[in-house]
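Undergrad: Just a sequence and a predicted model for now, questions to come.
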Amino acid sequence: MMADFPKYLDLLPVKHVSGTVRLPGSKSISNRTLLLSALADGKTLIKDLLFSDDTQVMLEALKSLGIQWNETGVANEYEVNGANGRLPRQEADLFLGNAGTAIRPLTAALAALGGGDFLLHGVKRMHERPIGDLVDALNDAGAEIEYTENQGYPPIRIHAGNIDRHDLHVKGNVSSQFLTALLMAAPLMARSHDVTIHVIGELISKPYIEITLNLMRSFGVEIEQDGWKSFTLRKGQVYRSPGVAHVEGDASSASYFLAAAAIAGGPVRVEGVGKYSIQGDIRFADVLEKMGANVVYGDNYIEVSHSGALKAIDEDFNLIPDAAMTVAILALYADGTSVLRNIGSWRVKETDRIAAMETELKKLGASVESGEDWLKITPPEHINDAAIDTYDDHRMAMCFSLASLCSTEKRGATIRINDPQCVSKTFPEYFQAFKAISNK
Ligand SMILES: O=C(O)C1=C[C@@H](OP(=O)(O)O)[C@@H](O)[C@H](O)C1
Ligand SMILES: C=C(OP(=O)(O)O)C(=O)O
């Protein structure tokens, strides 16, 4: 996107890290808050919105749908004029990059508002990321959504259609974003009757549903929950602007700096998330504790320090799929073999992350085995210098920067990060922030 990035970036071994990082806004909270603000009545002042590819495509999409918003002049502060449960335009061509948090909720919202003629598409990889479970749920309820290229994948076209069912059914084992999308759209369907959304089978990535419910509540809508099986919205509830909405720092982005401290000493403090965060990924700090690091939680910060070898870990990471990628790098510095389990969703994200992680960890000298939904990593004695391919996946670039760090036991490597611009999906300034905590 914006800043100039070189073709590759060479990171030299870093002996020690320390300092404070002010986190960029949470991607998950930013894009939900933008959509809820657009659907609410009244104006919402959004503070600390994330500035990145994923939020830019959401902002542009809202503009194409006729929603008025502006920057206030204060950094990362936006004012959105809510359209009170309607959208000014009935047709639009929406380019949504590779932002799952944009295309999925917008699909459900546009269908719930009666459709029209909307084309939703993105980059090549977006067209390989499934959306069929969401489209099935909406079409079964009366929407008219068609695939313009491959069945089950964007691009999609949303025609005029009327969602008239009171019960919707959605699968939750491929992405939780499908359920999130239906929940956020439910108040647009439930004007004169209750709506219940039933989850078919297993639901993955549950903490993201908690973010959704939390933010809906702050916009005045309460959902009644029957465990993780069904979610009911009582009729007549509409989104009301809270006036001001504050976006927390991104807990997934925090994982890189906290991991850096666990590997190379610290203390490193991240500001913008703390013990009251609504993001599941702050549980990454619990993983660091298990691996032997010291963690201190403040109201608005988390701080990590550590010395000595990290303990290997064998755990189910279904609740924190994004931060779990950072654990794969920590495994390089652990005292034995680590196993990451129940991470099958990695295969349908920015790239096939299980395959990409395995290939690139092997370049560093690690022994790696993988299965459909797991990864087993045995650390190398020495981390090899390597040129890391990033697969247009921001998290691959951010994770592998950490392999340049020296722990008390192990020297970090010289790491070439190819195509580093991919970090702009969620964290355009990542490498500057990483450099700022690095002491050569
Ligand atoms: O709802 C969200 O904000 C997200 C949900 C998760 O996806 P899945 O539910 O597909 O695992 C996560 O990986 C993604 O980065 C953000
Ligand atoms: C999976 C991710 O993104 P998305 O919101 O596009 O699903 C991610 O950021 O790791």
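TA: It's in. Just so we're clear, the structure is a prediction, and the values are computed from it rather than from any experiment. Numbers count the residues shown, from 1 in each chain. Ligands and ions are numbered 1, 2, ... in the order given.
Undergrad: Walk me through the domains of the chain.
TA: 8-25+248-439, 27-231 (automatic domain parsing).
Undergrad: and ligand 2, which of the ones you listed is closest to it?
TA: For those, proximity to ligand 2 was assessed by C-beta to the nearest ligand atom; domain 27-231 is nearest, at 2.8 Å. Where C-beta positions appear, they are placed from N, C-alpha and C, glycine not excepted.
Undergrad: Mind checking the pLDDT average for that closest one?
TA: Averaged across domain 27-231, pLDDT comes to 97.
Undergrad: and that domain, how far apart are its ends?
TA: 24 Å (C-alpha to C-alpha, to the nearest Å).
Undergrad: Any chance you could list what contacts the host helix or strand of residue 59?
TA: Assigned by DSSP states H and E, residue 59 falls within helix 53-64. Identification of contacts with helix 53-64 by C-beta atoms under 8 Å, 6 or more residues apart in numbering yields 1, 25, 27, 30-31, 34-35, 38, 49, 69, 78, 80, 89, 92-99, 101-102, 106, 122, 424-426.
Undergrad: one more time with 7 Å
TA: Here helix 53-64 makes contact (C-beta atoms under 7 Å, 6 or more residues apart in numbering) with 1, 27, 30-31, 34, 38, 49, 69, 92, 94-97, 99, 101-102, 106, 424-426.
Undergrad: Check stretch 267-283 too.
TA: 17-23, 26, 28, 207-208, 210-211, 214, 248-249, 251-252, 254-255, 257-258, 260-261, 297-305, 319-320, 322-323, 437.
Undergrad: Kindly report the same for stretch 422-432.
TA: The contact list for stretch 422-432, computed with C-beta under 7 Å, 6+ apart, reads 1-3, 9, 24, 27, 50, 52-54, 98, 250, 253, 390, 392-394, 397-398, 420.
Undergrad: Quick one: mean pLDDT for that stretch?
TA: Rounded mean pLDDT across stretch 422-432 is 98.
Undergrad: Quote the end-to-end distance of it.
TA: One end of stretch 422-432 to the other measures 14 Å (C-alpha to C-alpha).
Undergrad: from the stretch 1-150 of the chain, which residue is nearest to ligand 1?
TA: Taking C-beta to the nearest ligand atom, the stretch 1-150 of the chain has residue 28 as its residue nearest ligand 1, at 3.2 Å.
Undergrad: Any idea how far the helix or strand containing that residue is from the middle of the chain?
TA: Element membership of residue 28, judged by DSSP H and E, is helix 27-39. Averaging C-alpha positions (C-alpha atoms, centre = their mean, to the nearest Å) puts helix 27-39 13 Å from its chain's average.
Undergrad: which helices and strands sit right next to whatever helix or strand comes next after it?
TA: Heading C-terminal from helix 27-39, the first helix or strand you meet, by DSSP H and E, is strand 43-47. Counting contacts by 3 or more C-beta pairs under 7 Å, 6 or more residues apart in numbering; DSSP states H and E, strand 43-47 packs against helix 27-39, strand 78-81, strand 244-246.
Undergrad: hey, what's the residue lying closest to residue 244 once chain neighbours are set aside bridged with?
TA: Nearest non-adjacent residue to residue 244, counting by C-beta to C-beta, 6 or more residues apart in numbering: residue 45, 4.8 Å away. Beta bridges link residue 45 to residue 79, residue 244, judged by DSSP bridges.
Undergrad: Residue 45 against residue 81, yeah?
TA: No. Residue 45 is beyond contact range of residue 81, at 11.0 Å (criterion: C-beta atoms under 7 Å).
Undergrad: What parts of the stretch 201-350 of the chain come near ligand 1?
TA: 204-205, 208, 321-322, 345 (C-beta under 6 Å from any ligand atom).
Undergrad: Just send the residues you listed back as JSON lines, with neighbour count and secondary structure too.
TA: Shown next, in JSON lines, are these (neighbours: other C-beta atoms under 10 Å; DSSP: H, G, I helix; E, B strand; the rest coil):
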{"residue": "204", "neighbour count": "20", "secondary structure": "coil"}
{"residue": "205", "neighbour count": "19", "secondary structure": "coil"}
{"residue": "208", "neighbour count": "24", "secondary structure": "helix"}
{"residue": "321", "neighbour count": "26", "secondary structure": "coil"}
{"residue": "322", "neighbour count": "27", "secondary structure": "coil"}
{"residue": "345", "neighbour count": "20", "secondary structure": "helix"}
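Undergrad: Run through the residues that contact residue 317.
TA: For residue 317, counting by C-beta under 7 Å, 6+ apart, the contacting residues are 324, 327, 340-343.
Undergrad: Ignoring the adjacent residues along the chain, who's closest to it?
TA: Closest to residue 317 by C-beta to C-beta, 6+ apart is residue 324, at 3.7 Å.
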